[in-house]
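# Generate coordinates for the sequence data below:
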Amino acid sequence: MKKSLQEKHALSALIEKVETLTEETLANRRDLNRYYGQFYEEVTRMNNLHGLGGKTSISLYMTKFGNINPKILSLIDASSDMTDLDWDDSGKHELDKLIEEILVTYKNLVESYKLGVHNLMIPISATERWNFGKAALVVSSRSSYISSQLTSERIADAIKDEINGTLALKNINDAKLATHNYTGSWDIALTFFSASGFLDNISPLTAGGGFWEVYENNKDNVLHHVLKLQEGKYITRKALLDLREAGELANLEKRGGNVGERINRLYEEKSIKEALQHEDSRKLEIAL
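The predicted structure follows:
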């Protein structure tokens, strides 16, 4: 009877905390809903403007490079796309400017900040390091001229060398360049992919008081967890791995090794009752 009463008190305390949290976050949730409402209205307005059609008004031809070359205006009509510039010398001259812009811009994508990782390369020992396993730059454009120029041996090799050197890839063939024409009529899209990372190297989780630091200090906060809750349990991570150890595990997995057992040892399963009792004990200590 006493144990049952304690469980009911613990459950009641948990419900009170949820109610308190709901009340404390009311203002923040209201502001967030207001923000998304404004965002939706603005996107709707922009979409309605776009719905005016594909017509372009005279005197509105502008690019990043200044007024557009008047020699190519005869190539452009309501149904044209970037391909119409491919077969004209003046058009190719404008496309060459875009190619130069691509060659400058893609380098900004190959950065740890843009990739969201803490380290691009991690020394593990005197002879071993962790780095990304593969990387690829994908360029999307309707222009066959742009695609053919980028995939020419001179430009493609320079791009792959740059990616390979920045990411410290192990083999020259680990960097790839690909193009396709599935994009908007006048759009050029650059997408960079890198493969073979690991959780403990993700910058928002690890850098400057990130999630892992908060998690380390609040392991028993069951509101962080969903897995196993239906069984009255929750999963907690024991500790953040040293990056060298995490890199070692990542390398082992890349080589086909079995890391499951070592990964599982990082976690432990706890009872929700244990967390609630621990919380009650902390309250008692504070009260005393």
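# so which strand or helix has Ser140?
Element membership of Ser140, judged by DSSP states H and E, is strand 134-141.
# Shouldn't Leu252 be within a helix?
Yes - Leu252: assigned to a helix according to DSSP: H, G, I helix; E, B strand; the rest coil.
# Let's see the pLDDT reported for it.
Turning to Leu252, the model gives it a pLDDT of 89.
# That one contacts Gly260, correct?
No - taking contacts as CB atoms under 8 Å, Leu252 lies outside contact range of Gly260: 11.0 Å. Placement of C-beta: from N, CA and C, glycine included.
# Which one's more surrounded, these two?
Leu252 (13 against 9; other CB atoms under 10 Å).
# For Lys238, see how far away the more buried one is.
Relative to Lys238, Leu252 is positioned 20 Å away (CB to CB, to the nearest Å).
# Leu276: how many residues sit nearby?
Neighbour count of Leu276, defined by other CB under 10 Å: 20.
# going forward, begin numbering at 44 instead of 1
Yes, from this point I'll number from 44; that puts the last item at Leu319.
# give the contact list for it.
Ala53, Leu54, Ala56, Leu57 (CB atoms under 8 Å, 6 or more residues apart in numbering).
# Distance-wise, check it relative to Asn151.
Counting by CB to CB, the gap from Leu319 to Asn151 is 49 Å.
# Walking through the chain, point out its helices one by one.
45-67, 69-93, 132-152, 155-158, 187-193, 196-210, 246-249, 254-260, 286-297, 303-307, 315-330 (DSSP state H).
# I'd like those helices as JSON lines, with distance to Thr170 appended.
Shown next, in JSON lines, are the helices of the chain (distance: least, CB to CB, whole Å):
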{"stretch": "helix 45-67", "distance to Thr170": "51"}
{"stretch": "helix 69-93", "distance to Thr170": "50"}
{"stretch": "helix 132-152", "distance to Thr170": "30"}
{"stretch": "helix 155-158", "distance to Thr170": "23"}
{"stretch": "helix 187-193", "distance to Thr170": "37"}
{"stretch": "helix 196-210", "distance to Thr170": "19"}
{"stretch": "helix 246-249", "distance to Thr170": "25"}
{"stretch": "helix 254-260", "distance to Thr170": "29"}
{"stretch": "helix 286-297", "distance to Thr170": "12"}
{"stretch": "helix 303-307", "distance to Thr170": "21"}
{"stretch": "helix 315-330", "distance to Thr170": "44"}
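# of all the ones you listed, which lies closest to Leu270?
helix 315-330 (12.2 Å; CB to CB).
# pLDDT at the closest residue to Asp129 other than its chain neighbours, what is it?
Spatial nearest neighbour of Asp129, chain neighbours left out: Tyr188 (4.3 Å); criterion: CB to CB, 6 or more residues apart in numbering. You'll see Tyr188 listed with a pLDDT of 96.
# Give me the mean pLDDT for stretch 232-251.
Averaging pLDDT along stretch 232-251 gives 84.
# sorry, that was for stretch 279-292
84.
# Other residues contacting it?
161-162, 165-167, 171-173, 241-244, 249, 255, 258-259, 262-263, 268, 302, 305-306, 309-311, 313.
# Same check on stretch 146-158?
Identification of contacts with stretch 146-158 by CB under 8 Å, 6+ apart yields 161-163, 178, 180, 182, 198, 202, 205-206, 209-210, 233, 235, 237, 246.
# for the record, mean pLDDT for it?
Here the average pLDDT along stretch 146-158 is 89.
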